[in-house]
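Asks: pasting the sequence and the predicted model now:
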Amino acid sequence: MTDVRVTETDPFESAAPERDGRGPASAATGSFGTGDWLKWAWRQLTSMRIALVLLFLLALGSVPGSILPQQGTDPAGVQQYFSSHPALAPLLSRLGLFDVFGAPWFAAVYLLLFASLVGCVVPRTFRLAGSARTLPPQAPRNLARLPASAEYATALSPEQAAEVAARVLSGHGFRLRRSAPTGLAGSAAPTGPAGSGHWVSAEKGYLREVGNLLFHLALLGVLVAIALGGLFGYKADRLLVQGTSFSDTQTDLDEFYPGRLVTAADLPPFSITLNTFDASYITSGAQRGQPNSFDAQVSYTASPGGPTRTDRLEVNRPLSVDGAKVYLIGHGYAPEFKVTDARGQVVFDGAQPFISGTTGNFLSQGVLKVSGAEPDQLGFSGVFVPTAVDIDGTLESVFPAADNPVVSLIAYAGNLGMNSGPSQSVYQMDTAGMKQLTAAPQLLRAGQTLKLPDGQGTITFTGYQQWVSLAITHDPGQLPALICGMAALGGLLLSFVVRRRRVFVRATTSPQGTTVQVGGLARTDASGAFEDEFASLAAELRSAHQQAAQDQPAQDQAGHDQAGQDETAQPPGQAATVRHEGE
């Protein structure tokens, strides 16, 4: 226990008393109305306990966004998840787990945390500003009762001892508060609740509270930056086959997820062409088949009619163009087909992207819809196998590179249902209005042709191209979020490293001369390092007092000699003028 009578309140402790989640104590009497209950709810929301709970819920709610495919970044993965888990996927979709960061429940937690931080940080900022201007408390009467203390005698007067201590502590960066000086006109001896004598109070470590406040403000800034991205940013996806181009317009994008305040007119008018894409894989060892490198060579123009530039896209190396970033997030194979209908007309000649499944080694599935065929529309459901091997009658891919590419197709004829009803995915085909033409899957190698039954036409597997999946993002809150994140880290380090501590020095007259008492305490010192710091500081104070006492006779003698010189310097017949106090 100490005699320090200064309130030791932490600016980041809740100012409102908590009642273990219960309502106001006098609510049972019926004297509290709606406004009082709202005030109580606000105090609960802005308490540190609720803020930590909301922060935990926000982190917990983000977990599905990193585990499950999301509509904003991997729509093909969402479609594949629906195909693989037809019973579970609809339930997860109703819970918003395929679009976590746009779900209403996630927005509710986010907004509540934002309100909690605002109500918590803003008033405590003013409280910290007020405490930063407050001087240290007066020195306690009995410094020996503090956790760390020392006592020694000195030949200096109490006032001189306090002056020397103030110089030493000021040199160490302490903020000082001293007893009123004596010897001046109108001054009195130090009095007050701390007792008589000359004393110095010193305190340092204010940066701890500053760091704590900086951390909370930076966390608030991160939430604001995320909100900026959600309001003024956008995300888009585009699957691009090698040799094709696209423009950053809503009609030319596969998926477009604008922010709340973003429209299609806000999209930057750049265009990108995929010139080549190369993927290499490890060919031997325990990691055989694992990707080694991905390299997409692209050319782009920042605006219509602008100069064409070239760049290379790699994983985690996006292309920055006109305020947007273009990321390479996936790739696959697009088999090339040439289809003729019953009239002998070529109704399709190009590449059709297939999506790799969960079996690995880029065994890919896809469909080809030929709506222009006559008299019946044609459809093909197929599997592309990059390196095909027949294992016990099952066609499997043993390597992700296209070393032995084949396709397996099932042909249909009839009505694709694309002119009416709900919209269809380009990776799925509705066969309800169609007739299956081939009883079993037909295997084709590059250059081979399948003649359809009943003169419905032909399909030729001419080869393959590769495709890449591009994610286009514009997030104006990304840089502010980075700055705030670094500020939060800096504030957290300050609050952990800096210790708030106080040192008191009291000099009193005793029969042996002057007794100096030194005491100290640390408000936050879980590591116990303050004991060594105090011991070093007390030894330095004692050494400074001893040195000042040794220098005192020389200073007194110098003062006496100077006084004698001043007297002899007076003109003959003129006495020195002596001014007494009160004249």
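Replies: That came through, no problem.
Asks: end to end, how far does stretch 252-267 reach?
Replies: Length of stretch 252-267, first residue to last, CA to CA, to the nearest Å: 12 Å.
Asks: mean confidence for it?
Replies: Across stretch 252-267, pLDDT averages out at 88.
Asks: show me where the stretch 51-200 of the chain has helices.
Replies: Using DSSP state H, counting those that start in this stretch, the helices found in the stretch 51-200 of the chain span residues 75-84, 88-94, 104-132, 158-171.
Asks: same list (those helices) but as TSV, adding distance to residue 363, mean pLDDT and mean neighbour count.
Replies: Glycine gets a C-beta too; all of them are placed from N, C-alpha and C. Shown next, in TSV, are the helices of the stretch 51-200 of the chain (distance: least, CB to CB, whole Å; pLDDT from 0 to 100; neighbours: other CB atoms under 10 Å):
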stretch	distance to residue 363	mean pLDDT	mean neighbour count
helix 75-84	13	79	18
helix 88-94	21	89	13
helix 104-132	35	81	16
helix 158-171	74	92	20
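Asks: mind putting those helices in TSV, distance to residue 504 included?
Replies: Compiled in TSV, those are given as follows (distance: least, CB to CB, whole Å):
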stretch	distance to residue 504
helix 75-84	65
helix 88-94	63
helix 104-132	19
helix 158-171	10
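Asks: of all those, which lies closest to residue 151?
Replies: Closest of the helices of the stretch 51-200 of the chain to residue 151 is helix 158-171, at 12.3 Å (criterion: CB to CB).
Asks: pull the CA atoms of the closest one into CSV?
Replies: Taking C-alpha atoms only, helix 158-171 is exported to CSV below (Å, rounded to 0.1, in the frame of the first residue of the first chain):
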residue,chain,number,x,y,z
PRO,A,158,16.9,19.8,1.3
GLU,A,159,16.3,22.4,-1.4
GLN,A,160,19.6,21.7,-3.1
ALA,A,161,19.0,18.0,-2.9
ALA,A,162,15.6,18.4,-4.5
GLU,A,163,17.2,20.5,-7.2
VAL,A,164,19.9,17.9,-8.0
ALA,A,165,17.3,15.1,-8.1
ALA,A,166,15.1,17.2,-10.5
ARG,A,167,18.1,17.6,-12.9
VAL,A,168,18.9,13.8,-12.9
LEU,A,169,15.3,12.7,-13.4
SER,A,170,14.7,15.3,-16.1
GLY,A,171,17.7,14.0,-17.9
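Asks: who are the packing partners of that helix?
Replies: strand 175-178, strand 198-204, strand 501-510, strand 513-522, helix 530-568 (3 or more CB pairs under 8 Å, 6 or more residues apart in numbering; DSSP states H and E).
Asks: tell me where the model's unsure across the stretch 151-300 of the chain.
Replies: 181-196 (pLDDT under 70).
Asks: can you pull out the strands in it?
Replies: Assigned by DSSP state E, counting those that start in this stretch, the strands in the stretch 151-300 of the chain fall at 175-178, 198-204, 234-241, 245-247, 255-258, 271-281, 291-301.
Asks: just those: most buried one?
Replies: strand 198-204 (a mean of 24; mean count of other CB atoms under 10 Å).
Asks: could you give the angle of it to strand 513-522?
Replies: Interaxial angle, strand 198-204 versus strand 513-522 (axes from the mean of the first three to the mean of the last three CA atoms, to 10 degrees): 20 degrees.
Asks: still on that earlier bit, residue 60: which of the helices of the stretch 51-200 of the chain is closest?
Replies: So among the helices of the stretch 51-200 of the chain, helix 104-132 is nearest, using CB to CB, at 9.2 Å.
Asks: surely residue 384 touches residue 353?
Replies: No - Residue 384 is not in contact with residue 353 according to CB atoms under 8 Å; the separation is 9.7 Å.
Asks: tell me which of these two has more neighbours.
Replies: More crowded of residue 384 and residue 353, by other CB atoms under 10 Å: residue 384, with 28 against 21.
Asks: secondary structure element holding the more buried one?
Replies: Using DSSP states H and E, residue 384 falls within strand 377-385.
Asks: now for that strand, which elements pack on it?
Replies: In terms of contacts (3+ CB pairs under 8 Å, 6+ apart), strand 377-385 is packed against strand 324-340, strand 364-370, strand 394-397, strand 406-414, strand 458-474.
Asks: could you list the buried residues of the third one?
Replies: Along strand 394-397, the positions that meet the burial threshold by neighbour count (16 or more other CB atoms under 10 Å) are residue 397.
Asks: just how off-centre is it within its chain?
Replies: In terms of CA atoms, centre = their mean, to the nearest Å, the centre of strand 394-397 is found 44 Å from the chain centre.
Asks: counting by contacts, list what that strand packs against.
Replies: Applying 3+ CB pairs under 8 Å, 6+ apart, one finds that strand 394-397 contacts strand 377-385, strand 388-391.
Asks: show residues contacting the shortest one.
Replies: I take that to be strand 388-391. 395, 396, 397, 398, 404, 405, 406 (CB atoms under 8 Å, 6 or more residues apart in numbering).
Asks: which stretch among the helices and strands packed on strand 377-385 comes nearest residue 379?
Replies: Nearest to residue 379 among the helices and strands packed on strand 377-385 is strand 406-414; the distance by CB to CB comes to 4.3 Å.
Asks: can you list the strands that the closest one pairs with?
Replies: If you go by DSSP bridges, strand 406-414 pairs up with strand 377-385 (antiparallel), strand 434-436 (antiparallel), strand 442-445 (antiparallel).
Asks: contacting residues for residue 365?
Replies: Going by CB under 8 Å, 6+ apart, residue 365 touches 354, 355, 357, 382, 383, 384, 427.
Asks: re the thing from before, from the helices and strands packed on strand 394-397, which stretch is densest packed?
Replies: Note that of these, strand 377-385 is the most buried (mean count of other CB under 10 Å), with a mean of 24.
Asks: that one: how far from the chain's middle?
Replies: Distance, centroid of strand 377-385 to centroid of chain: 45 Å (CA atoms, centre = their mean).
Asks: can you check stretch 106-126 too?
Replies: With CA atoms, centre = their mean, you get 16 Å for stretch 106-126.
Asks: tell me the secondary structure at the residue nearest the centre of the chain.
Replies: Centroid check for the chain by CA atoms, centre = their mean gives residue 485 as the closest residue, at 5.2 Å. Secondary structure state of residue 485, per DSSP: H, G, I helix; E, B strand; the rest coil, is helix.
Asks: out of the helices and strands packed on strand 394-397, which gets nearest to residue 457?
Replies: strand 377-385 (6.5 Å).
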